[in-house]
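Asker: Sequence and computational prediction follow.
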Amino acid sequence: MVQRTFEGEVLTEPVVVEREFETVDMNINIGPQHPATHGVFRMVLTVDGEIVKDAIPYIGYMHRGGEKLSESLDYRGALGYQDRTDYLAAFNSEWVYVNAVERLAGIEIPERAEYIRLILAEFNRLLSHFMFMGAFGTDVGYFGTAFTWTFKERERIQDLFEAVCGDRIMYNYFRVGGLAWDPHETFVEDSHWVLDMVETGIGDVDDLMTDNEVFVARCRDVGAMTADEAISYGVTGPMLRASGVPFDLRVDEPYSIYDRFHWEIPVGERGDVYDRYLVRLEEMRQSVTILRQALDQMPTSGPIMPERMPARLRPEPGEIYMRQENPRGEYGIYMVSDGTDQPWRVKMRSPCFHNLSSLKPQVLNSYLADAVVALGSIDIVLCEVDR
Amino acid sequence: MTSRRTPVAPEEPPSNEPPPGSIADTYREVMPLIDIDAAMTKGDDVALTIPSDTIHEVLERSRDDQRLQMNLLRNQTAVDWEDRGLEIVYHLYSIPLRQAVTIKSWLPSDGAVVESVADLYEMANWAERECREMFGIEFIGHPDPRNLLLDEDLDIHPLRKSHPLAPIEMEQGVDVAFFTKEYPPPEPEEEAEEAPTAAAAPTRKRVEDMTEEERAERQAEQAERVARARELAAVRRAERLAGAPPAGGPRKEGAAPPPTPAAAPAAAPAASAAPAAAPVQDDRPPAPPPPELPSIPDAEEDPEGRAEALAERVRLGRELAAARRAQLRGD
């Protein structure tokens, strides 16, 4: 087509007039019952086309007043509640609680009990990270494969837990002072066997997901946070390490017997969703390293409870903020004693609570589909968020 | 409602001073004008108590000073000490310098107001929202002071010690069917037409809707009912042992007899008159024959002798029960 101007010049290219479409911001409600929210979590996203312009999270659907309940029971009675906060890493949660009570009351723990606690807690970290791999794979589009593969590995670890303490989720196995009972006779051999299987399983997940083009495309540069931003939001755990901060309470404020083992802290570079996945994957390998050393060092026999324990725990008035590295970050118990047999105040510092508060800066100006991936990478457990 | 106990925490700050060279000295160097009380916690952290109007300043300088670099606000909460007020607690940590500190401050119980630190740490946004709804502390300058975990319209502060755990649960221990129903059952009214109909009967008020006085009244009433039921049960037990006819009015036709203890002497004539219970398969060794029991004189003729005889029967019954238990254990 030949176009002429009024002056008679011939234009070789057609004139294209660009008109901007006027879009209207729309509010989209996601949750509380939605498979992508991993529980009862609700967020209201304001979208302009497909771009997220605002995000308002709503939590509290699972709020059960766990702190108030723990304050109304005695020190041992509130132990069963600790399984019900982070149900994917119940051993870790229990461990923080009993450690807080023990340090408040000045109780020494036998070495063997300490080793068994550490081994079970590290196994629980593997369990929790496998759950993340499966659920996150579902979030980005591996509907069945990642979930079934990781649950196969979870099953073996859960069988081990069942043999040790009789339960698969709500263990209630740690006691103030030690453990409820001795693990079964073949605990060490079973653990080594499970570790062999788990190492293969980690490799399988690695082969399945890490280099997959679709997976990388969905995860790279999504939900990126800088280190300063993450620290300001109180983000801890693998999410903070993915942003390049080598902060791990097992090394920075060593508790228990973690100073006896050698391992490395995996750290990410960009702080995006893909780095969080890589950090968690490497953490699982490091957990296997810790577990192998711990199983080798563990005393084969010995007591699991102190010889004398007070029938009723009445710690001196005082306070403690016990914090440990859970699979999701820093889990803390702030406990205040007033000299009676009930704690005056129990505050649970939930890592997911603060990790989730950083959702808004992650999803702003990103695509709506990426918001789901960013939420999945936080690895939330809503029972722990709401407590 | 009052709380379950009164706090017995020490009035003055504990004498466990932090060792020299600790982070408390650094704080005193950096902020010489601020009144700082330092103490060690059970977790070997240093806890600094500061005036509540300096919280924002202290946290800002903790974050920005090169000797402190407290860039991570890891935890923020409060403690309700009832008469002594509220204690607000900040747990800070320095990731580059690997040092931790606890900063505390006292607030009045009513009308607690403190400056928000959400402009310093983004983490404080949610933490202060939770603290506000749970303890009723107002944070000045908070960007988004809505309820976080509780319902949006609720204006209660559950983690205060004055807040009851749950009224319904506190009542549940007493409010079981055995104690709420009339015991013994009331005599049927003669005047059937004058009996109150179901519509006119006073409806039971829910525990949550009751006022303080009504609640106290209800608790007293229930306690009285419990005491009466226990008293009656004791009388019944003695009567069963003695073999006398049950007190408290005639029993319903066809009602099951009260379960007699295995060790109760069954030689009394009244007990034999009761309908026999269904035979139970019992492969345990047979019980020894019951001993001779003293006869019970009539209450009008010899009240003292009757009481003695009853007491004697109870004593014999207990001995028999103990002997039977020992026999079953194989002693």
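Answerer: Received, thanks.

Asker: Helices of the stretch 101-250 of chain A, start to end?
Answerer: A:111-140, A:145-165, A:187-205, A:213-219, A:227-232, A:238-242, A:249-252 (DSSP state H, counting those that start in this stretch).

Asker: quick one, what contacts whatever residue of chain B ends up closest to chain A?
Answerer: Using C-beta to the nearest C-beta, the closest approach of chain B to chain A is made by residue B:123 at 3.1 Å. Placement of C-beta: from N, CA and C, glycine included. By C-beta atoms under 8 Å, 6 or more residues apart in numbering or on different chains, residue B:123 lies in contact with A:232, A:233, A:234, A:354, A:357, B:73, B:76.

Asker: With adjacent residues omitted, what lies nearest to it?
Answerer: residue A:234 (3.1 Å; C-beta to C-beta, 6 or more residues apart in numbering or on different chains).

Asker: Assess the claim that the one you found and residue A:350 are in contact.
Answerer: No - contact criterion C-beta atoms under 8 Å: residue A:234 and residue A:350 do not qualify, at 10.6 Å.

Asker: if you look at the contacts of residue B:123, which of them are in strands?
Answerer: B:73, B:76 (DSSP state E).

Asker: Kindly reformat the contacts of residue B:123 as TSV containing pLDDT.
Answerer: Shown next, in TSV, are those (pLDDT from 0 to 100):
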residue	pLDDT
A:232	91
A:233	92
A:234	89
A:354	91
A:357	90
B:73	91
B:76	92
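
Asker: would you turn the contacts of residue B:123 into CSV with neighbour count and distance to residue A:183?
Answerer: Formatted as CSV, the contacts of residue B:123 follow (neighbours: other C-beta atoms under 10 Å in any protein chain shown; distance: C-beta to C-beta, whole Å):
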residue, neighbour count, distance to residue A:183
A:232, 21, 42
A:233, 28, 39
A:234, 28, 36
A:354, 27, 34
A:357, 24, 38
B:73, 26, 39
B:76, 25, 39
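
Asker: what about the strands in the chain?
Answerer: In the absence of a named chain, this looks at chain A. Under DSSP E, chain A gives strands at A:3-4, A:10-11, A:26-30, A:33-34, A:39-40, A:42-48, A:51-58, A:174-175, A:178-179, A:318-326, A:329-337, A:343-349.

Asker: could you do chain B instead?
Answerer: Using DSSP E, strands in chain B cover B:37-40, B:46-49, B:72-80, B:86-94, B:99-107, B:113-115, B:138-140.

Asker: circling back to that earlier point, so of the strands of chain A, which one's packed in deepest?
Answerer: Most buried of the strands of chain A, by mean neighbour count (mean count of other C-beta atoms under 10 Å in any protein chain shown): strand A:329-337, with a mean of 26.

Asker: tell me the domain ranges of chain B?
Answerer: Domain assignment for chain B by automatic domain parsing gives B:23-140, B:164-186+B:210-246, B:302-331.

Asker: Residue A:254 is nearest to which of those?
Answerer: domain B:23-140 (10.7 Å; C-beta to C-beta).

Asker: ends of the closest one, how far apart?
Answerer: Domain B:23-140 has an end-to-end distance of 29 Å (C-alpha to C-alpha, to the nearest Å).

Asker: Neighbours of the nearest residue to residue A:80 once chain neighbours are set aside, how many?
Answerer: Spatially, and ignoring its direct neighbours in sequence, residue A:80 is nearest to residue A:172 (5.3 Å; C-beta to C-beta, 6+ apart). By other C-beta atoms under 10 Å in any protein chain shown, the residues close to residue A:172 number 17.

Asker: So residue A:172 versus chain B, what's the distance?
Answerer: Using C-beta to the nearest C-beta, to the nearest Å, residue A:172 is found at 22 Å from chain B.

Asker: Please list all residues in contact with that residue.
Answerer: A:79, A:80, A:83, A:94, A:165, A:180.

Asker: what about 7 Å?
Answerer: A:79, A:80, A:83 (C-beta atoms under 7 Å, 6 or more residues apart in numbering or on different chains).

Asker: Then residue B:145?
Answerer: With contact taken as C-beta under 7 Å, 6+ apart, residue B:145 is in contact with B:129, B:132, B:139.

Asker: per-residue pLDDT, residue 85?
Answerer: No chain specified, so I'll use chain A. For residue A:85, the pLDDT comes out at 88.

Asker: wrong one, I was asking about chain B
Answerer: Per-residue pLDDT puts residue B:85 at 87.

Asker: hang on, it packs against residue B:110?
Answerer: No - contact criterion C-beta atoms under 7 Å: residue B:85 and residue B:110 do not qualify, at 9.1 Å.

Asker: The two: which is more packed in?
Answerer: Of the pair residue B:85 and residue B:110, residue B:85 is the one with more neighbours under other C-beta under 10 Å, namely 16 against 8.

Asker: roughly how far apart are that one and residue B:109?
Answerer: 5 Å (C-beta to C-beta, to the nearest Å).

Asker: Would you reformat the helices of the stretch 101-250 of chain A as CSV and include distance to chain B?
Answerer: Shown next, in CSV, are the helices of the stretch 101-250 of chain A (distance: least, C-beta to the nearest C-beta, whole Å):
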stretch, distance to chain B
helix A:111-140, 17
helix A:145-165, 27
helix A:187-205, 28
helix A:213-219, 24
helix A:227-232, 4
helix A:238-242, 9
helix A:249-252, 6
